[in-house]
Each structure stands twice: as C-alpha cells, then as structure tokens.
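> please work out how this folds:
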Amino acid sequence: MVVEGRAFVNGELRSTSIGIEDGKIAAVGRTLRRGDRNLDLGDRIILPGFVDPHVHLRDPGLTEKEDFRTGTMAAVHGGVTCVLDMPNTLPPAIDVGSVTDKKAAIRSKACADYGLLAAITERCRPDRLAPLVVGFKLFMGSTTGNILMNDDSKIAPMMAEIAGTGKRVSVHAEDDSMISKESEGSNQDHLRNRPVEAEFSALRRLSAYRGMKVNICHVTDSRTLSAAADLGFTTEVTLHHMFFDAEGFPSAEHKVNPPLRDIGTRDALYRAFLDGRATMFGTDHAPHTVSEKSGEYGSAPGGIPGVETSMPIMMNLVRKGAVPLSQIVRMGSSAPAEAFGLSKGRIAPGYDADLAVFDSRTFGRIDLKKLYSKAGHTPYEGWEAVFPEIVMVRGETQVEDGEFCGDHIGEDVCG
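Numbers count the residues shown, from 1 in each chain. Prediction:
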C-alpha cells in the first residue's frame, strides 16, 4: 500500500509517499512506485498515531465502567493507535498469573495495539514479569485498587531488580502518609486532603533512583516537571490538570487523583507545557459510571475519561495556533513510544504503520452522544476539537470519515 499526502516526517510537514508492507512502514520518500492499493490524501495532514501511556480500561473485573473493546474503540476515534493499560483492575495485575489471565481476558477485544503494566507489590517478581509487560507501575499514593506501595524499605529492592530488566517504572507520585482522610464535599476539600506537598515529598524520595527509567505520571505542578527532569526522569501531563482547577470545577465530575490544583498552579503547569518542559501527554483515562460520578461527592470515585477527546482537543489548539504541531507529535507520539521502547510514534522505515489523518482546517464540538467510551459522561462536552478523519493501525484502517469501520485487530506489544 502507498499513502500520499502531507506527512510529518523528520520534524516537519512535507509532501510524502509512505510505503506500507506487512503492517510496517517499508519506505518514505517524495515519490514511490505505486502499490497494490494507493491512497491520495491531498492536503490533509498525516501524523504518526498517538501513543497514550496511561489508561485504565477496567478489564477484567470492572467492565461496567469500560472494557477493552469500548476503550480501544474510543482510543482510535481520538487518533490513539496504542494504549498502555494500568494494573489496578480486579484482580490487579501483580504477578505472572494475574498478568497472563488479564492477557487472556482482553485478547481479541482490542481495536488499537496495547501494552500492560504490572503493579509493584511485595509479591512482584520483576525478572519473571518483564517479558510480559511494557513497564511497571508504582502507586505511592492511594487510588483505585489495593496496591499501595509507599514504604521505602520495600520499594528500594524492587526498583533495583526492575533496573536490571531495562523496563520503565511509571509512578503515581503522591506520598500517602501526607494524604488526609477528612470528609469531602468538593474538589477544594479533595485538594486540602491531597496537597501538592505530597507530590513534592514523593519526588524527593524518588531522587534515590536518579538516572533510572522512571516516568512521573499526571504531574500537577510545574516545579515537579523541573525537579523530575533534573533527575533524568520522564514526565507526563494531563489535559485536566492543565485546564481545570478545584475552585472553578468543584463537582465530582472533575474529581481525580491527584486532585485538581488552584488556578495559579494550573496556569503555571500550562505555561510549562507551552514551554516544552513536559515529556509526554497521558490521558489517565479513568472511566466510572454516570451513577457513581453523579452521587454524593464523598463517595464518588476519582477519575476522568479522556482517551477519546484529549488529542483532538490538542489538535484544535494546533489549528488555532496556540501550540506547534511538532510539540503535539513529540508529546503525543514519539516521546511516549521512545520512553517505553515501542516501534511506533514516527513515520519512518521499520516503524509500525500507525497513522492518524487530520484536516486541520475543520473542527467540531465534542458531543457525548457520539463518543464510543462506555463511561457515558465527559467534562469536555461542547469543547472544540479536531477529530481524525482516518486512523490506521499497522496499515489497517480502523476509522474512516471519522467513524469506526474496523475490527478487533489490536495486538499486545509484548506478544
């Protein structure tokens, strides 16, 4: 197959022909010999498919909230061709048995490629798990699931073993000893109970692993970005921490862990993002049911769905000239792929033929009724967004004319 159009290659948009064979990009050039199939995309923009390094697809055990079929269908609708799924399902992915069982449960459901992370617990055997997972997850702060690990004497030996595997550790960096259990009625109360100092404390403790492959998830404060970079860590920012604040968005719909911060902290994080100080985007797609999120604040779970909407919102910022396209491609595609050792995220020979095609001159508004996620709610209803017109996973078309048209072809990046 040969795809022709304006493609993002080597840091710039240029008129390009992309040769695809056996799911891989075989050649990239000004002109290529025509293939068995040819697709001329004219002036539309061809980007490498986005890689989301942080999703919770709730499969197995919590599939009333989301499952691998609906979650990955939502992903490709947003231009995301590979997702990395977190381990706090039921049961949690913590050992060879639970990871193997999870793989069996989700196999043949995925519409996008995927990788699994295993949780670091006292039962973790990194040497045995490493061939099965794309990375590990350390929960220093309490969240969904009972897999908290906040004792330095137990974390240290695990980190030493993981270093030997070459895998990256994604960290929920909140010091649980600084999290209060006082009653809550709003996101301002939630912020009081989970102060930003808990994030700073966790990062100080992680400084013992300077230079190790560590990724700090859902950073909420610009100072954390700088400190993590000094330690040689990668960082991940979410749309919700850059656009929402606890005072202006007090309801459970916007309840998330770590919490929304104050306006000043939010704005400083967004400025740091614009300055290119974060490594990658992560949606922390964490769907819950409408009934859970619309109940009493104190009993509502934390989590916001975003895998379907975050990158289209970012592409709208590109359309408006607020953010350069090169930054979106770096943070959404090449950086997460490189961080987790994936042959994705670039339009270059040898890489997976994952492509997302946009017409940056057109945009729409997010309509809950048209979203594919099982969550059934979104805090981004009505926001401007540029959704992809065509999405390919390893050369197979999954989205055409903005609508899902594919099949469950997604593969595990770890086999």
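> could you use CA atoms for every contact and neighbour count after this?
OK.
> quick one: mean pLDDT over the strand or helix carrying residue 46.
Taking DSSP states H and E as the criterion, residue 46 maps to strand 38-48. Across strand 38-48, the average pLDDT comes to 95.
> partners of it in the sheet?
Its sheet considered, strand 38-48 pairs with strand 2-9 (parallel), strand 355-358 (antiparallel) by DSSP bridges.
> just the ones you listed: most buried one?
Highest mean neighbour count among those (mean count of other Cα atoms under 10 Å): strand 355-358, with a mean of 27.
> what's in contact with that one?
Here strand 355-358 makes contact (Cα atoms under 8 Å, 6 or more residues apart in numbering) with 44-50, 79-81, 386-393, 395.
> now the strands for the stretch 101-250 of the chain?
Here the stretch 101-250 of the chain has its strands, by DSSP state E, counting those that start in this stretch, at 113-119, 135-139, 168-172, 214-216, 234-237.
> with mean pLDDT and mean neighbour count added, can I get those in TSV?
Converted to TSV, the strands of the stretch 101-250 of the chain look like this (pLDDT from 0 to 100; neighbours: other Cα atoms under 10 Å):
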stretch	mean pLDDT	mean neighbour count
strand 113-119	98	25
strand 135-139	98	27
strand 168-172	98	24
strand 214-216	98	26
strand 234-237	98	24
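> which one of those strands lies nearest to residue 412?
Closest to residue 412 of the strands of the stretch 101-250 of the chain is strand 113-119 (Cα to Cα; 5.1 Å).
> pull the residues that contact the longest helix along the chain.
For the chain, the longest helix by residue count, based on DSSP state H, is helix 152-165. Here helix 152-165 makes contact (Cα under 8 Å, 6+ apart) with 120, 122, 124, 126-127, 130, 149, 168-169, 205, 209, 212-213.
> can we see that at 6 Å?
Around helix 152-165, the neighbours that count as contacts under Cα atoms under 6 Å, 6 or more residues apart in numbering are residue 126.
> again, but for stretch 75-91
Residues contacting stretch 75-91 (Cα under 6 Å, 6+ apart): 49-56, 58, 60-61, 93, 112-119, 145, 307-309, 356, 388, 393.
> please apply the same query to stretch 236-255.
Against stretch 236-255 from outside (Cα under 6 Å, 6+ apart): 186-188, 217-220, 260-263, 266, 270, 280-283, 293, 297, 302.
> in that stretch, what counts as buried?
236-242, 244-247, 249-255 (16 or more other Cα atoms under 10 Å).
> CA atoms only for that stretch - export them in PDB, please.
What follows is stretch 236-255, C-alpha atoms only, in PDB (Å, rounded to 0.1, in the frame of the first residue of the first chain):
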ATOM      1  CA  GLU A 236       3.500  13.100  31.900                       C
ATOM      2  CA  VAL A 237       0.900  15.800  31.900                       C
ATOM      3  CA  THR A 238      -2.900  15.500  31.500                       C
ATOM      4  CA  LEU A 239      -5.400  17.800  29.900                       C
ATOM      5  CA  HIS A 240      -7.500  18.000  33.100                       C
ATOM      6  CA  HIS A 241      -4.700  19.300  35.300                       C
ATOM      7  CA  MET A 242      -3.900  22.000  32.700                       C
ATOM      8  CA  PHE A 243      -7.400  23.200  32.100                       C
ATOM      9  CA  PHE A 244      -9.400  22.600  35.300                       C
ATOM     10  CA  ASP A 245      -9.000  23.900  38.800                       C
ATOM     11  CA  ALA A 246     -10.500  22.900  42.100                       C
ATOM     12  CA  GLU A 247     -12.400  26.200  42.800                       C
ATOM     13  CA  GLY A 248     -13.900  26.600  39.300                       C
ATOM     14  CA  PHE A 249     -14.800  22.900  38.900                       C
ATOM     15  CA  PRO A 250     -15.900  21.700  42.300                       C
ATOM     16  CA  SER A 251     -18.100  18.800  41.400                       C
ATOM     17  CA  ALA A 252     -17.400  15.000  41.500                       C
ATOM     18  CA  GLU A 253     -17.400  15.000  37.600                       C
ATOM     19  CA  HIS A 254     -14.000  16.600  37.900                       C
ATOM     20  CA  LYS A 255     -12.800  14.600  40.900                       C
END
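> would you map the helices across the chain?
Assigned by DSSP H, the helices in the chain fall at 68-77, 96-106, 126-129, 152-165, 187-193, 196-206, 222-230, 239-243, 263-274, 290-293, 310-319, 325-329, 335-339.
> one step back: PyMOL command to pick out the buried ones of the contacts of stretch 75-91?
A single PyMOL command selects the buried members of the contacts of stretch 75-91 (16+ other Cα under 10 Å):
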select buried, resi 49+50+51+52+53+54+55+56+58+60+61+93+112+113+114+115+116+117+118+119+307+308+309+356+388+393
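> thinking again about what came up before, roughly how far out does the strand holding residue 46 sit from the chain middle?
Centroid separation between strand 38-48 and its chain, computed with Cα atoms, centre = their mean, to the nearest Å, is 25 Å.
> which residues are in contact with that strand?
With Cα under 6 Å, 6+ apart, strand 38-48 has contacts from 1-8, 345-347, 354-359.
> ok, stretch 303-317 next?
Against stretch 303-317 from outside (Cα under 6 Å, 6+ apart): 74-75, 78, 256, 283, 285-287, 323, 385-387.
> which one of these is nearest residue 173?
Residue 173 lies nearest to residue 256 out of the contacts of stretch 303-317, by Cα to Cα, at 13.9 Å.
> okay, the nearest residue to that closest one once chain neighbours are set aside: pLDDT?
The shortest distance from residue 256 to any non-neighbouring residue, by Cα to Cα, 6 or more residues apart in numbering, is to residue 302 (4.0 Å). Looking at residue 302, its pLDDT is 96.
> and residue 409, how many neighbours?
16 (other Cα atoms under 10 Å).
> what residue ranges in this structure score low on pLDDT?
144-145 (pLDDT under 70).
> tell me the domain ranges of the protein?
Domain ranges of the chain: 2-46+347-404, 48-339, per automatic domain parsing.
> switch these over to JSON lines; also include distance to residue 410.
Output for the domains of the chain, formatted as JSON lines (distance: least, Cα to Cα, whole Å):
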{"stretch": "domain 2-46+347-404", "distance to residue 410": "8"}
{"stretch": "domain 48-339", "distance to residue 410": "4"}
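> out of those domains, deepest packed?
domain 48-339 (a mean of 21).
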